[in-house]
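Visitor: Below are the sequence and a predicted model for it; my questions follow.
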Amino acid sequence: MSDNSLIQAYFMDLWQRCRDLLETLALVDPQQVLNQVLVQAPSWNLEMIDERNQPDALRLFLLVARGLHPLPARLDRQLAALEGPDPLAKALRDAVQIMPHKLVEIHWEIVKKAAARYHIPGRMENEAEFQELQSVGREALFRAAQKFYKKPRGAFKSFAWPLIRESMREEQARRHPVPFKIRKKLAALSRLREDARLRELTFTKEEMRTRLKLGPEEFEELLQIEAIWGNGLEFETEVDLDDIEAPDHSLDQLSMLLEIEDQRRLDSAMSRMIDPEKTLINRLYFEEKTLREVAEEMQLSLPSFKKLHKKALVEMKRLLIRT
């Protein structure tokens, strides 16, 4: 018996065993499933159909069968209803939990949180940029799910996050009108200012220009670009998965403060806040300035400002509760 015949016999046996558990597979042509399996895994050999490798074979078989099924939702329902100690039923239950569409459904929230974190409030088309970030993030999530399904190892979120993060950063950079080399210089300028602030130093424009090794005209042009487009650091920031999944204490516009009807409580809480958190809350919520405007006024990079913003809101909530 040839290798191809043995592989075909293995899959037909697997098909029949799955068909006994999932009656809706009667709607799928088993020969089409086998043909697509062999196309997607042309390097399969006798070793791959060994019982020890059944999970790999079963995942591929299930993915192809679902793609060919005229009513995939019905197949999903029957898979979800599988019960009992049968080893094949257990293997099917395990496989369906990491099918690409299932992983995307379960982890879609990560994409939305990441888009919100990478979204740049400012002078770009805010809503269009936000929607596009979600779109490229979802595509990256699906690609990650497809790769993970073939060879699952470790936690899916940790596997998918680098792909999602990189896709959003690339989209962010693609849409930005300032060339990448200029953004690098803007980022260097912002880091220089922040370092001076932390060390309580004051640099003149000439000292900053010298430290950045820029000519007078080039430096003046950089300052003009910065005044319009900000510091560029948001394009280089590495956002960690733990940071994305942490509770988001930010609230839309003035919603948190408007919920506090007792002006005395609000005044008391504000009087007990200290800088720089107090300055941030005042400018962002009471003076109604944009996030970018306040960050630039406080000479903070956008990532540093967002961290301070979260800290300020946590402190405000704490003080309001105690008032």
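Guide: Perfect, I can see it now. Everything quoted here is computed from the prediction, not taken from an experiment.
Visitor: Just give me the neighbour total for the residue lying closest to residue 100 once chain neighbours are set aside.
Guide: Distances taken as CB to CB, 6 or more residues apart in numbering place residue 145 nearest to residue 100, at 3.8 Å, with adjacent residues excluded. No exception for glycine: its C-beta is placed from N, CA and C like everyone else's. If you count neighbours by other CB atoms under 10 Å, residue 145 ends up with 23.
Visitor: How about residue 299?
Guide: As a burial measure, the neighbour count of residue 299 was computed by other CB under 10 Å and equals 14.
Visitor: isn't it right next to residue 193, touching?
Guide: Yes: the pair residue 299 and residue 193 qualifies as a contact (CB atoms under 8 Å) at a distance of 5.2 Å.
Visitor: hmm, back to that, tell me which element the residue nearest to residue 100 is part of?
Guide: Secondary structure here is read from DSSP states H and E; on that basis residue 145 sits in helix 126-150.
Visitor: Name the residues of that helix that are buried.
Guide: Neighbour-count burial for helix 126-150 flags 129-130, 132-134, 136-138, 140-142, 144-145, 148-149 (criterion: 16 or more other CB atoms under 10 Å).
Visitor: which residues in the chain form strands?
Guide: Listed in chain order, the strands of the chain (DSSP state E) amount to none at all.
Visitor: So, low pLDDT: which residues of it?
Guide: Low-confidence segments of the chain, defined by pLDDT under 70, are located at 1-3, 41-53, 119-128, 229-240, 242-263, 302, 323.
Visitor: for residue 203, what are its contacts?
Guide: Contacts were defined as CB atoms under 8 Å, 6 or more residues apart in numbering; by that measure residue 203 touches 192-193, 196, 211.
Visitor: Distance check, it against residue 299.
Guide: For residue 203, the distance to residue 299 under the criterion CB to CB, to the nearest Å works out to 11 Å.
Visitor: shared neighbours, the two?
Guide: residue 193.
Visitor: number of nearby residues for residue 190?
Guide: 22.
Visitor: Touching, it and residue 301? I think so.
Guide: Yes: with contact defined as CB under 8 Å, residue 190 and residue 301 form a contacting pair (5.0 Å).
Visitor: Roughly how far does the closest residue to residue 312 other than its chain neighbours sit from residue 287?
Guide: Distances taken as CB to CB, 6+ apart place residue 277 nearest to residue 312, at 3.8 Å, with adjacent residues excluded. In this structure, residue 277 lies at 15 Å from residue 287, with CB to CB as the measure.
Visitor: Show the contacting residues for residue 91.
Guide: 54-55, 58.
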